[in-house]
Every structure is written in structure tokens, then in C-alpha cells.
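1. build the 3D model from these lines:
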Amino acid sequence: MMLRPLLALLGLLVALQAQAARTTTPLDAAWRFQRADVAGAEAPGFDDAAWTAITLPHTYNGVDGETGGTPYRGPAWYRRTLDIPAGAGTRRFLEFDGATLAADVWVNGRHAGRHEGGFARFRFDITPLLQPGRNLLAVRVDNTRLPHVAPLGGDFTVFGGLVRPVGLVETPDTHIELMDHGGPGVRVDIETLDTTRARLKVQVQLRNDGSRPAGRELRLTLRDAQGRSVAQQTRRLSLPAGGTDAVTAIVNVPQPHLWQGVKDPYLYRLSAELLDGRDVADTVQLPVGLRQFGVDPQRGFLLNGKPYPLHGVNYFHAGRPGRGVAIGKPEIDEDLRILMDMGLTGLRLVHYQHPAYTYERADELGLVLWTEIPLNSAMEETPAFRDNLYSQLRELVRQNHHHASVAVWGIGNEVYRSDEPIRALLADLHALAKREDASRLTSYAHCCAPDDHPMALQTDLASYNRYWGWYDGQFKDIGPWADKLHAKLPAKPIGLGEYGAGASAIQQEDPPRRPEPGGRWHPEQYQALFHETYAAEIAKRPFMWGTFIWLGFDHAAANRHEGDTTGRNDKGLVTYDRSKLKDAYHLMRAWWQSKPVLHIANKRLSTRPAGTLAIKAYSNAAKATLEVNGKVIGTVDVVDRVAVWPAVTLAAGPATLQVRDDRGSIDRVDWQVEGCAADALGTQRVLQLPREGAAYGSPHARLPLAANEVVLTFDDGPKPGVTERVLQALKAECAKATFFMNGEPMLQNPALAQRVRAEGHTVAMHGHKHLAFGQLPAKDQLADLEAMQKAYRHVIGGDAAAWRFPFLAETPDLRDALRKQNVTVMSVDTGVEDWVQGQSPEVLAERLVKGLREKGGGVVLLHDVHDQTAAALPLMLRRLKQDGWRLVHLQWAEPTR
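-> Okay, the predicted model is just below:
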């Protein structure tokens, strides 16, 4: 096979002594660091002895970037020495795989260059700045929000620092280009491809930085996965002193072995070698996967001309607690192992360019990638901002064009405006992506303007971020939405760029109530319900070109104050530390994995009350059988990967549940079932009230209770050291109560407030600051109500159904506001006066039963902030039992949304 002539000989070639081949030396060790802007730190004589010794990758937001609040966004300095041997004919480049967000580099006190953009590889030729012997490298990194550098916004922490490796690349003066936007200098395009032949266009950029013309030979070799040569070409060429040139070659591959995604991620390897005589002076090697991507508005994503269901997750650069995104290959490998075991076929890499190793592994694993630039949330209408986006897009494409896994260039995500400037910017970015690489598709993740808005339709693929059932709407809305949009835009490929719900692996509630997205209570079970519906609806709609769950792993988001951890987005299917796979992970594994999958849901809710409940398991079999303590409960059909036994009775004591499906899989879990002792007070019934703004207790209407029925309520908590003892006493008697909490202690003790609800009690409102409302103007009363509701949503989630006035001092203004919001006002029928100090358990118990006898039952007022109440409660509950009182638990109907 001959290389077609592309370069004319330029005359007599000058023979030069053979030079050493390219080497890359890691520079990750022996750095000194200071998180501050230090004047003169670029100077070789600057004393950095007091600075911190660190190793790369490194971030200076490892703690404050993931614990809430406002992380440091500003400059920091890194310094280290570099020893260079004497000798001519060698070029030396500093290579940074990522420096967030802008970096200035000095060598021996001289400025080597500046790079703006935190996530792409960049290089500086530092040859003229070096001296034989010891040299000083100084890097000023700054993650300050710069108005002309993307990203300007986004729901993620911008971790400052040298967050990816740094290296020294050494080449001969004549070498393959290194200064083309961080790219490899070699490009491979697939011109034609079928099962009999592939035609590849290979382009190699060359540079001669020497002072003399250079005669060289370029050798291109394509090898198969076993290392056998499939095609080889050589060409003599000449480069003028200080000049550049490009070579284009056509490589034909007979009987190509196609890259078939996760089924068969077959890779060839292309070697571009620059020869100086018989010596290899420079080499670049690239993986080559032979495949074609396409999309059909009716059939979805196509790989090599055939439908290829593209489903996966959004994947942030692998983070770890205390380290942010300053991680390496082992962490990326761990993440990809977890994700691959789920059975996904694709990843959306958000919201910026990822480490080079992620793309390399995706090629090898067969994952199809959507990768994007950090145009997120906001834009500036300036030429400088536009130019920075252009630069980051060129870097993304030129550094990753050779990766078989990359199918989609993403040009942005959720920009919160819909005017002409953003439409025009997206149109320009799409056009640039096509000029850079016409072989791939483009997409923009759209959220906030109408679905058919021009900004949603600028790219090849229309992608939407939808969260019905979490932020608004209902789970079931996803199917009709997709059908309506598909009918409206029949020629446009549509997909889901994001969908998901938050979940804490340590917050358990079965069945779950709908949580408040910004609240502190995100039970794991609700996320699983969300994905049960979405997965089933998506499976019915093969026209969707791709669907990507938000999110593979929980990630750091400094501005979030929700779920079980401040500074965290908890929509991941796996926890931030990678230690827990949430139930939704196992559900999606049942949908996506071909090998047998079986998982009993709700395992972490390992203590259960005696009684009847639903048992659920996820499986990709057809039928599943449940046993409890060796007794067969029954066999059920698995519907949409979910098997449900709707009414299983569990008696008190240990319970071993085992599920076996018809593919031979077995899963089991051990629970502890807690029942009431034979002589316990117990809770005789639940009284569910409508949300209609009624008022109960003296002096209002009496609750619909029998003469021997009583409702227990507690005010003013939660209070550490007391509320726990109250809960313990209630649990011992299987008694349920309603806790009217104040907003301030609720915010101060969110876990304790959540424990109250998790143990089956009802939580309601008692004012944010426990004020005497009768002494306040109406606007201050309403402000306190609003603060109380905000605290409730934040800690408990949802809207509280009931309110009790502090001091029972009701006001017309607040009563009217509560009535309009359908909030029940709950007064009392019997008070125990447990706030009066110095009373013994016997006195309080006697006062309780005496008051109940006088009132004929009703609502009892106690306080979970007094030690004497907690001490007396066990006796009070026993007296209720002895005197024949029956306990009723108040609940309210869920609000319609």
C-alpha cells in the first residue's frame, strides 16, 4: 500500500544526528503549596519553606467544597524544582491535564503562559526558559468566578487546584505537533465503513523547531487487538527550519472488526512514528475503534446502522470525600466497575471535559459517551466569553476526537434564559462543533423554556432534563410528555439528558411520603419509586435516542443544604463515598443487566413493626417466590422488573426473608420485627383527618373520639436528651403521638426531628420561635408562620398539616391564614402542667388520668423538653393502660399536588 504524495521534496536534505524519542516524566511529587495570593512567589529566590508539601492531583477545596457554605474561590500557588541535563536538540513541554479554573505558569521567574478553562489538557513549550541544572516551576491557580471563563454557574463545586496530573514531555526538535489545543497531533477519520472494508483518513501534524531543515520518514502502522500489522505506510518528507506541515494518508482496512459497544469493544491501534534514519525520534499511538453512530427519530440511537438502546447515567468527574475531584486512575476504575456492573450502555460526562483516562477506559469498555463543555446555567454577552467557549470546545474535540466511545459533543446545559443571545450562541457552538467534527452528533441539555423553543432545537439531538415527581408534577407525567413531544416533533430525535430524585441511604421510610426536594428528609424508598415508574415508561418508548439518570454517584454541591448531608447532591444511585448501592441502583441493574439480577428492596429498614406490610424485590426473571422463616408465602409475576407481595404478615421476633426467582437467583435479608408486649398500651387505631383548615380541641370542635379514647401530643421540641427518652418510652408501649415542634430547635436538631417521624409519629408545627402571637402585629405573626413552614419543609419535607398556637394563645389573623392554607389548628382537652418543675412521676400520672376522667378523653398536652416529663412518661402510659384508655394516633391525608 502506497502513501499518495502530499509533500514535495524541498531540496537537499540535511542529515542530523539522531535524537532521543519522546518521553513523558510525571511531575506529581515534591510540590509546595499555599492557598493565598503571594506576591513574588514566581521568583526562583522566593522562600517557600513554610508552605505545605503536597502531591498531585490536589485541590484546595477538599473540605470547604463539599460541606456547605461558601467555599474559597481565589488564587493559590504551587512551586517545585526541576532538574534539566545539559544538551541541545530537545524540546521540553509542560503538560497540565487540568488546572481549575485559570493558571499562570512561570519558569525561572519568566512567564511561560496562561490558560483559562479548568478541565482540558494544555501545554507550554518551556524550552527557551530552561537552564541546565536546577530550575524553578511556579504555578498560580485561581478558581475565582471570571466573567469570561465558563462555567459561570452550575449545581456543582468548582474545586480549585492542580486537580489532574502534570508532566514534562520531551521530544526532538522535529516532532509530531503538541501545541494544537492539547491534542495528540494525529487525527483519524472514518470515511467509509461496512463489513468488508474500512477507509480511514489519517492526518499527522508535524513541526520542526530546529534551526536547520529536517529530513524524516513518517511511518503509519495499524495493528489489530493481537498486535498484528493490518496496514502500514511510510513516506519520506522534509520540514523547513522553524516550519510546520501536515501529512494526510488514506488507510484501507479489509474485513474490519467493528467496535460494537459493550457487546464487543474491539480496538485497533494506530502508531505514527517519525523516523530519523533507523531511529524512532517521536511516536504517537492512538486507539482506533471502527464504528458509525447515527440516530433515527423513530428507532432511537443507531450503532453501525442498528438500533442500540442508549441508557446510562450522568457521571461527574470521580469525587471522593475530603479530596473533591483530585483523584486518579484507581478511583475512575472503581467508578466504572460499579457502573458497568449495572449494565449501562452509555454515559453523559457532565458538566465539563473529563480526565483523559475516562475516555480511554470508555473506549475499552464499549461505553458510548456524550461529553460537553461547561456552558452551564449562565452566559455573558461578550466576545471574551464566546471566545473562551470556542476554545474549550476546540480543546474537547481535538483532544478526544480519536476516541471511539465519543458519540455526542455537548454544547451546554440548562442556561436559564431563552432570548436571542443564547439561541445565537448555541447555534454558533453547534456550527463550530460541526466544523471541527462533522462525523458526530451534537446536543444541548434543555430545561427551562418551552420544549419546542429554538434553543432546544439548535443541535442534532433534542435533549431534555425532566424531574416530574420530584420538583413538580407526578411520576406518571413522563410518558404522556414524551408521547406529546414526539408527536409534535416527529422528525427530531428526542431524549432525556437528566431525570432523577434524591435519596439518603440512611433515611428509611416504607411506604415513603413525598419529600421536599430542598428538605432534609430524602428517604431511599422514594427514589426507588421514582425510577420504578420512569424505567417502565422509558422502556415503552424506543424512539428516545438516549436516557441518562441524574446521577451515577452523589456529588459535591457546596450550595445545597438538603438530604442527610450539607453540600451534597444526593440524586446518585450510589453514595458519594461509593460504599452503598441504593435500591434504585439495583432496580436499574434489573432493567439493564443481561445476567440474572435479584435484590430484595428496603433491606436497610431492618427493624419493622409487627403486622402486615408489602415486600418488594427487583428481578429480571419472570417469576419470584418469597419465603419468611422458611415458610413459602407465595409466587408472583415480576412486572416491569418488580415483584410485590402486597400483604405479608410478620410476627414479632427475627424474620429471615428469602426470595428465589425462576432464573435461579436467591437473595435474603434478616429483619428484626418488633411487636407489642401482651400488656402494652399499644395504639388502637389511626384517625386520619382531611386537610381542610379545621380546628379541634377546647374551645373548638371535639375530635371524633369515643369516650375512652385519647390522643397524645408533645410540644416545644425536639430537645436532645429529652426527646430521645420520650421516644424510648413510647416505643416500649407501642404508642404513637403527635409532636408539635418549634422551627428553631427543629433546624438545630434535624436528625432528632427526622427520627420522630421515622419512628412513626406525626410531626406538626408550633411556631418558629414560640412567640406570644397576641402581642405581635399581623405581619410578624405571618412571618413566623412562614419561617416555621420553611423549617418544616427543610427538615421533614412537604407541607405540615397541623399547627398549635404557643401558649394556646390564638389570633384571628393567623387562624385565617392557616384556614386558607388548609392547616388544622389543634388545641387541647387535657393538660398535665408538666412545665411546673418539681413534680414526681406519680403526681403527673395522677393528674393525667384525673383530667381525662373529667373531660371524657380527648387531646392530651405534654412537652418533650422537660426531664420530669420524660421520667414520668413510662408511668403515665402504664396508668392509661390500667385505667382502660385506648390510644388513637392522628394522621392527615397527603396533600394533592
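
2. tell me which stretches of the stretch 401-550 of the chain form strands.
-> 406-413, 441-446, 461-465, 494-498, 547-549 (DSSP state E, counting those that start in this stretch).

3. any chance of those in CSV, with mean pLDDT and mean neighbour count too?
-> To be clear about C-beta, it is placed using only N, CA and C from the backbone, and glycine gets the same treatment. Formatted as CSV, the strands of the stretch 401-550 of the chain follow (pLDDT from 0 to 100; neighbours: other C-beta atoms under 10 Å):
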stretch, mean pLDDT, mean neighbour count
strand 406-413, 99, 28
strand 441-446, 98, 26
strand 461-465, 98, 22
strand 494-498, 98, 25
strand 547-549, 99, 26
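
4. need those in JSON lines (columns: distance to residue 723).
-> Listed next are the strands of the stretch 401-550 of the chain as JSON lines, based on distance: least, C-beta to C-beta, whole Å:
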{"stretch": "strand 406-413", "distance to residue 723": "43"}
{"stretch": "strand 441-446", "distance to residue 723": "44"}
{"stretch": "strand 461-465", "distance to residue 723": "40"}
{"stretch": "strand 494-498", "distance to residue 723": "38"}
{"stretch": "strand 547-549", "distance to residue 723": "37"}
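
5. residue 163 is nearest to which of these?
-> Relative to residue 163, the nearest member of those by C-beta to C-beta is strand 406-413, separated by 20.3 Å.

6. the inter-axis angle of the closest one versus strand 494-498?
-> 70 degrees (axes from the mean of the first three to the mean of the last three C-alpha atoms, to 10 degrees).

7. strand 406-413: how far from the chain's middle?
-> 18 Å (C-alpha atoms, centre = their mean, to the nearest Å).

8. can you name every helix or strand that that strand contacts?
-> Counting contacts by 3 or more C-beta pairs under 8 Å, 6 or more residues apart in numbering; DSSP states H and E, strand 406-413 is packed against strand 346-350, strand 368-372, helix 383-400, helix 420-436, strand 441-446.

9. those: which one's closest to residue 582?
-> Of all those, strand 346-350 comes closest under C-beta to C-beta, at 18.2 Å.

10. any idea which of the strands of the stretch 401-550 of the chain gets closest to residue 235?
-> strand 406-413 (28.6 Å).

11. which stretches in the stretch 601-750 of the chain count as strands?
-> 607-609, 611-619, 623-628, 631-637, 642-650, 653-661, 666-674, 685-689, 695-696, 709-715, 738-741.

12. can you list those in JSON lines and add distance to residue 808?
-> Below are the strands of the stretch 601-750 of the chain laid out as JSON lines (distance: least, C-beta to C-beta, whole Å):
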{"stretch": "strand 607-609", "distance to residue 808": "33"}
{"stretch": "strand 611-619", "distance to residue 808": "35"}
{"stretch": "strand 623-628", "distance to residue 808": "48"}
{"stretch": "strand 631-637", "distance to residue 808": "49"}
{"stretch": "strand 642-650", "distance to residue 808": "41"}
{"stretch": "strand 653-661", "distance to residue 808": "43"}
{"stretch": "strand 666-674", "distance to residue 808": "35"}
{"stretch": "strand 685-689", "distance to residue 808": "19"}
{"stretch": "strand 695-696", "distance to residue 808": "12"}
{"stretch": "strand 709-715", "distance to residue 808": "10"}
{"stretch": "strand 738-741", "distance to residue 808": "11"}
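
13. please name the nearest non-neighbouring residue to residue 87.
-> Excluding the flanking residues, the one nearest residue 87 by C-beta to C-beta, 6 or more residues apart in numbering is residue 132, at 8.0 Å.

14. of all the strands of the stretch 601-750 of the chain, which lies closest to residue 440?
-> strand 611-619 (34.9 Å).

15. from the contact counts, what lies against that closest one?
-> So strand 611-619, by 3+ C-beta pairs under 8 Å, 6+ apart, packs with helix 583-592, strand 598-600, strand 623-628, strand 642-650, strand 653-661.

16. tell me where the protein has helices.
-> With helices called from DSSP state H, the chain shows them at 329-342, 356-365, 383-400, 420-436, 478-488, 524-539, 583-592, 723-732, 743-748, 750-758, 778-795, 812-820, 841-855, 867-882.

17. same question for the fourth one, mean pLDDT?
-> In this model, helix 420-436 has a mean pLDDT of 98.

18. got it, and the shortest one?
-> Here the mean pLDDT over helix 743-748 is 97, rounded to a whole number.

19. what's in contact with it?
-> 716-719, 753, 765, 767-769, 787-788, 790-792, 794-796 (C-beta atoms under 8 Å, 6 or more residues apart in numbering).
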